[in-house]
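Chemist: quick one, structure for this:
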Amino acid sequence: MRRALSIVTAAAAAVATTAMLAGSAHADPAEPDPADNPVVAYAQENPRDFIGINALAEKEFGQSVEFTVSDVDGPVDARTADALSNLGAAGFPEFAPFAVPTNAFSVVGYWLPSAGRGATYMGTWDFRDDYVNGSAPDDFASIMFDWSSSCLILTSTTYNSYYYDGERTTDSTMYLKDGGIGGSPIVGLRDATSGFKLNVDHGHMSASVLRKPGCSAQQFGAQFAYEHNQDGGSALSVSASFLGGLSVGYSGGPDAMQKSTTPGYLQF
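Modeler: The predicted model follows:
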């Protein structure tokens, strides 16, 4: 599998002391690079293996991962996240013609622990394999950090999308809509179908942050949202913020469905 596409923000560049190497930015030479974190590396390749990610986090850092799942209030453990995220794949729900079914997809978000002042948040989505409807306007996804303490710097954003069979579609499908200087990077997804396959069937978006020097260790929050639409129109505006959520303005009135997680927190 090819390396995930990584974008380094201008905010991180302002404090960077080491040049960008092989698609990763070093925000502070004293801080571990997220790319060297085995938990982050495994999650980038296997973002929906919640049980495996949690087991590796416990092994490397002695810390369990908490997962937040769409349509579920509050964090759950790895096994519960795995079970809940697959519920929508069973059966065919009743829905009006042309509407996006409520269980067309699910989203899961989680923090990945690390050493030092940095951490990575991962957001994932997964459509039912029997749901094949991709058309204009573009879909959008965002990780929204709690920026209220003014103690975080966004250092990088990474994303990937796939067909249901695992074939990578990122290069022709995904783009960085907003770099997230205000704490909420947004990606666009040019969803489409080919050979009865949806090119954004599943995927992930992650963002790494660094606690600023001089700020004490504290709990930081983040959440993930994905909005899918179909059957015409165009996106006029897209914005996102922590607790305010992902907001997309349309012309043409396409059918849309947004799934989001509740906020998740990590102390670092």
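Chemist: low pLDDT regions in the stretch 151-268 of the chain?
Modeler: Nowhere does the stretch 151-268 of the chain drop to pLDDT under 70.
Chemist: let me see the ranges of the strands in it.
Modeler: Counting by DSSP state E, counting those that start in this stretch, the segments of the stretch 151-268 of the chain that form strands are 152-162, 174-178, 186-189, 193-194, 197-198, 202-211, 219-230, 234-241, 245-251, 255-260, 264-267.
Chemist: in its sheet, what does the third one sit against?
Modeler: On the basis of DSSP bridges, the sheet neighbours of strand 186-189 come out as strand 139-145 (antiparallel), strand 174-178 (antiparallel).
Chemist: just the last one next, same as before
Modeler: Note on strand 264-267: by DSSP bridges, its sheet partners are strand 219-230 (antiparallel).
Chemist: quick check, central residue of the chain?
Modeler: The chain has G123 as the residue nearest its centroid, 2.6 Å off, counting by Cα atoms, centre = their mean.
Chemist: quickly find the element holding it.
Modeler: In the assignment (DSSP states H and E), G123 maps to strand 118-127.
Chemist: can you put the strands of the stretch 151-268 of the chain in a markdown table and add mean neighbour count?
Modeler: C-betas here are computed from N, CA, C, even on glycine. Formatted as a markdown table, the strands of the stretch 151-268 of the chain follow (neighbours: other Cβ atoms under 10 Å):
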| stretch | mean neighbour count |
| --- | --- |
| strand 152-162 | 24 |
| strand 174-178 | 18 |
| strand 186-189 | 24 |
| strand 193-194 | 13 |
| strand 197-198 | 21 |
| strand 202-211 | 26 |
| strand 219-230 | 24 |
| strand 234-241 | 16 |
| strand 245-251 | 16 |
| strand 255-260 | 19 |
| strand 264-267 | 17 |
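Chemist: JSON lines for those, including distance to A119?
Modeler: Formatted as JSON lines, those follow (distance: least, Cβ to Cβ, whole Å):
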{"stretch": "strand 152-162", "distance to A119": "9"}
{"stretch": "strand 174-178", "distance to A119": "20"}
{"stretch": "strand 186-189", "distance to A119": "20"}
{"stretch": "strand 193-194", "distance to A119": "36"}
{"stretch": "strand 197-198", "distance to A119": "31"}
{"stretch": "strand 202-211", "distance to A119": "6"}
{"stretch": "strand 219-230", "distance to A119": "7"}
{"stretch": "strand 234-241", "distance to A119": "19"}
{"stretch": "strand 245-251", "distance to A119": "21"}
{"stretch": "strand 255-260", "distance to A119": "20"}
{"stretch": "strand 264-267", "distance to A119": "6"}
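Chemist: G52: which of those is closest?
Modeler: With Cβ to Cβ as the measure, strand 202-211 is the member of those nearest G52 (14.3 Å).
Chemist: partners of that closest one in the sheet?
Modeler: As defined by DSSP bridges, the strand partners of strand 202-211 come to strand 118-127 (antiparallel), strand 152-162 (antiparallel).
Chemist: tell me the gap between the last one and the middle of its chain.
Modeler: Chain-centre distance of strand 152-162: 8 Å, with Cα atoms, centre = their mean, to the nearest Å.
Chemist: may I have it exported as PDB, CA atoms only?
Modeler: C-alpha atoms of strand 152-162 as PDB (Å, rounded to 0.1, in the frame of the first residue of the first chain):
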ATOM      1  CA  LEU A 152      -2.100  23.500  20.200                       C
ATOM      2  CA  ILE A 153      -0.300  23.700  16.900                       C
ATOM      3  CA  LEU A 154      -1.500  21.700  14.000                       C
ATOM      4  CA  THR A 155       1.500  20.000  12.400                       C
ATOM      5  CA  SER A 156       0.200  17.700   9.600                       C
ATOM      6  CA  THR A 157      -2.900  16.300   8.000                       C
ATOM      7  CA  THR A 158      -3.000  12.900   6.300                       C
ATOM      8  CA  TYR A 159      -5.800  11.200   4.300                       C
ATOM      9  CA  ASN A 160      -6.600   8.200   2.200                       C
ATOM     10  CA  SER A 161      -9.700   6.800   0.400                       C
ATOM     11  CA  TYR A 162     -10.400   3.400  -1.100                       C
END
